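Q: fold the following for me, if possible:
(one chain, ligands or ions: 1)
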Amino acid sequence: MDAEEFRSAGHALIDWIADHRAAVDERPVLAPIDPHDVQRSFPTAPPAAPIEFNELLDLLEGRVVPGLTEVQHPMHFGWFPSNASLSSVLGDITSSGLGQLGISWESSPAITEVEEVMCDWLRQLVGLSDRWSGTIHDTASTACFVGLLVARERASALEQNRGGLQNLGKPLVVYTTDHAHSSVAKAALLAGYGWDNIRVVDSDPVTRAMLPDALAAEIANDQANDRTPAAVVASVGSTGTTAIDPVDEIATVLEAATSGGTSSGEASSREASRRAPIWLHVDAAMAGSAMLLPECRHLWKGVERSDSISWNPHKWMGTILDCSLFYVRDVDELQSVMSTNPSYLQSVNDGEVTQYRDWGIPLGRRFRSLKLWFQLELEGVEAIQARLRRDLANAAWLAEQVEAEDGWEVVAPVSLQTVCVRHRPTHVTRAGDTAADDTPMTAAEAEDHTLRWVRAINDSGRAYLTPSKLDDAWMVRISIGVEATERHHVEALWNLMKESVIE
Ligand SMILES: *Cc1c(COP(=O)(O)O)cnc(C)c1O
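A: Residues are numbered from 1 along each chain as shown. Got it, this is the predicted structure:
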């Protein structure tokens, strides 16, 4: 394809995307198809001869569009807001169109330097001090994995990098709660810690936040049993209920655990003085966007005391996937684990410029910072902040309605834009009953009831909500924050919810 063919196809494509996005609310939220339908719409073998671009657009419409779950739909309240602001989409297209290769500073100075500027702008926007240096990863899963790799090497004085997994006498331990995202355990396993060395620290039964005293006890127990506490992953905005682990108090526990502050006797303080500080990774993948609002920053109080932070502009803030920011305080320590520096990548500018390949896993990188830059320039920070505040107000409004309605309850504190609910009818109709009776539902009936009403909504295509388990029982998460979701959409959802529980 030459540049002129690209120009004409590109215009048609942008029109097609704009039409799709403008009419997204006319489509069902959840893709109404069966497994393998999309696959079966394709021929089994690849094409031998080319087709016209317009024919390809028809195929796109016919084969792909039916399999789209519309997370940009204003009635999408599932998982988390996965906003793809069109301003950032333009940046993403530009990244692809420029066809740059980011394997070193030399291979595209602009990739490195725009990324540095964007990481610094975003650092300021969430109120972090200038002690932090950032890079852009694909996802928070990768960011957490990198954090736990560096934690592993800090705790073992680079022992595993040197001698491999077999070389270490004492097991290294990672601490988190069972409200942490599944990517935390995955990162710990991939980094070689092992299931046996992942501690699930108790959390508060109401706020679901990690209990600092429980963390201190787990750490003390591991230290007493010749294991090395290596890292804590604190969730600022957990996946299920947006629980907020107390970062400041956790940092205090960690300091005490390695400075000998809680132990007594000369031997134990000598032992403590040999201990490397325990790595604290703050996983704010979802809630990081909230830190654009100064009034939310109390939620990650103490974050300056952590070692690494990740958050995803590609969620609530609205930068198209994939764009996950990863900040560390000590770049040298990060590079001591991530750098390889083969001769063919060395250059005269080494030492003077940033080589992002030494900050993470991949060598080649995309021009991801362009989508952040485009979004910030074309929308402006104030409009993004106003949208986030709109969503917080919508969540507070919904929580108020739910609390005020008989039979409904909000089952977790609403710390940001996620409202977790259950419905328990006051009168139950059972098979064979002539009238509704007042005996409460059994636990099994309650489970069926929850799944029935949420599925009724989801199958209708009119809205999408995520059922999720809390304390081993189903509840329903309503995650508000799609760019297009206004108050009237939340009102419509609440009406749907009330209708859906009528048997
Ligand atoms: C979404 C989320 C993740 C995973 O994010 P990816 O970027 O998809 O890897 C991790 N942690 C939390 C708290 C999240 O909300």
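
Q: in the stretch 1-150 of the chain, which spans are strands?
A: Secondary structure of the stretch 1-150 of the chain (DSSP state E, counting those that start in this stretch): strands at 76-77, 133-137.

Q: mean neighbour count added to those, as JSON lines?
A: Where you see a C-beta, it was placed from the backbone N, CA and C, and this is true even at glycine. As requested, those are arranged in JSON lines below (neighbours: other CB atoms under 10 Å):
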{"stretch": "strand 76-77", "mean neighbour count": "28"}
{"stretch": "strand 133-137", "mean neighbour count": "23"}
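
Q: next, the contact list for T354, please.
A: 105, 112-113, 116 (CB atoms under 8 Å, 6 or more residues apart in numbering).

Q: would you check which pair of those residues lies furthest apart?
A: Using CB to CB, the pair of the contacts of T354 lying farthest apart is W105 and E116, separated by 10.2 Å.

Q: counting neighbours, go ahead and name the busier of the two.
A: Ranked by neighbour count (other CB atoms under 10 Å), W105 and E116 place W105 first, with 21 against 17.

Q: quickly note the distance from the nearest residue to that one once chain neighbours are set aside to D330.
A: Using CB to CB, 6 or more residues apart in numbering and skipping the chain neighbours, the partner closest in space to W105 is V353 (4.0 Å). As for V353, its distance to D330 is 19 Å (criterion: CB to CB, to the nearest Å).

Q: then R424?
A: 50 Å.

Q: do D37 as well
A: Distance of D37 to D330, given as CB to CB: 50 Å.

Q: repeat for W121
A: Here the criterion is CB to CB. By it, W121 lies 21 Å from D330.

Q: any idea where the strands of this structure begin and end?
A: Ranges of strands in the chain, per DSSP state E, are 76-77, 133-137, 172-176, 198-200, 228-235, 279-283, 308-311, 324-328, 408-410, 418-423, 464-470, 473-479.

Q: would you mind giving the ones you listed as CSV with mean pLDDT and distance to L189 added?
A: Shown next, in CSV, are these (pLDDT from 0 to 100; distance: least, CB to CB, whole Å):
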stretch, mean pLDDT, distance to L189
strand 76-77, 98, 31
strand 133-137, 97, 19
strand 172-176, 97, 10
strand 198-200, 98, 8
strand 228-235, 97, 13
strand 279-283, 98, 15
strand 308-311, 98, 18
strand 324-328, 98, 19
strand 408-410, 96, 34
strand 418-423, 97, 27
strand 464-470, 95, 21
strand 473-479, 96, 26
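
Q: could you dump those strands to a markdown table with distance to the ligand?
A: Conversion of the strands of the chain to a markdown table gives the following (distance: least, CB to the nearest ligand atom, whole Å):
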| stretch | distance to the ligand |
| --- | --- |
| strand 76-77 | 15 |
| strand 133-137 | 8 |
| strand 172-176 | 11 |
| strand 198-200 | 15 |
| strand 228-235 | 5 |
| strand 279-283 | 5 |
| strand 308-311 | 8 |
| strand 324-328 | 5 |
| strand 408-410 | 20 |
| strand 418-423 | 10 |
| strand 464-470 | 12 |
| strand 473-479 | 10 |
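
Q: quick one: low-confidence ranges for the stretch 151-300 of the chain?
A: 166, 260-274 (pLDDT under 70).

Q: who in it is up against the ligand?
A: Neighbours of the ligand within the stretch 151-300 of the chain, by CB under 6 Å from any ligand atom: 181, 183, 235, 237-239, 283, 285-286.

Q: which pair in those spans the largest distance?
A: Of all the pairs that those form, the one spanning the most space (CB to CB) is S183 and G237, at 13.4 Å.

Q: the more surrounded of these two?
A: Neighbours per residue (other CB under 10 Å) separate S183 from G237, with G237 holding more: 29 against 21.

Q: my guess is L68 meets P32, correct?
A: No. Taking contacts as CB atoms under 8 Å, L68 lies outside contact range of P32: 10.5 Å.

Q: which one's more surrounded, the two?
A: L68 (17 against 14).

Q: from the ligand, how far out is that one?
A: L68 sits 19 Å away from the ligand, going by CB to the nearest ligand atom, to the nearest Å.

Q: mind checking pLDDT for that residue?
A: L68 carries a pLDDT value of 96.

Q: need phi/psi at it.
A: Backbone torsions of L68, given as degrees, to the nearest 10, read phi -100, psi 120.

Q: circling back: reformat the contacts of T354 as JSON lines; add distance to A276.
A: Shown next, in JSON lines, are the contacts of T354 (distance: CB to CB, whole Å):
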{"residue": "W105", "distance to A276": "31"}
{"residue": "T112", "distance to A276": "30"}
{"residue": "E113", "distance to A276": "33"}
{"residue": "E116", "distance to A276": "29"}
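
Q: which of these fall in helices?
A: In helices, judged by DSSP state H, the following of the contacts of T354 are found: 112-113, 116.

Q: so which of these reach the ligand?
A: Answer for the ones in helices among the contacts of T354 near the ligand: none qualify (CB under 6 Å from any ligand atom).

Q: closest to the ligand among the residues you listed?
A: E116 (21.2 Å; CB to the nearest ligand atom).

Q: list the contacts of stretch 212-230.
A: Residues contacting stretch 212-230 (CB under 8 Å, 6+ apart): 148, 151-152, 154-156, 170-175, 193, 197, 199, 201-203, 232, 246, 249-250, 252-254, 256-257, 262, 275, 278-279.

Q: of those residues, select the buried ones using a PyMOL command.
A: Buried members of the contacts of stretch 212-230, defined by 16 or more other CB atoms under 10 Å, are picked up in PyMOL with:
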select buried, resi 148+151+152+154+155+156+172+173+174+175+193+197+199+201+203+232+246+249+250+252+253+254+256+257+278+279
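
Q: show me the contacts of stretch 212-230 that map onto helices.
A: Counting by DSSP H, the contacts of stretch 212-230 contribute 148, 151-152, 154-155, 249-250, 252-254, 256-257 to helices.

Q: nearest to P46 among those residues?
A: Among the ones in helices among the contacts of stretch 212-230, and counting by CB to CB, the member closest to P46 is L148, at 39.9 Å.

Q: for that closest one, which non-adjacent residue is spatially closest?
A: Nearest-residue entry for L148: A191, 4.4 Å, with adjacent residues in sequence omitted and distances by CB to CB, 6+ apart.

Q: quick one: contacts of stretch 133-140?
A: 115, 118-120, 122-123, 143, 146, 181, 183, 283, 285, 310-312, 322-329, 331, 356, 359-360, 365, 368-369, 372.

Q: filter those residues to the buried ones?
A: By 16+ other CB under 10 Å, the contacts of stretch 133-140 give 115, 118-119, 122-123, 143, 146, 181, 183, 283, 285, 310-312, 322-329, 331, 356, 359-360, 365, 368-369, 372 as buried.

Q: spatially, what comes nearest to E503 if we skip its sequence neighbours?
A: Per CB to CB, 6+ apart, closest to E503 is T429, 5.9 Å.
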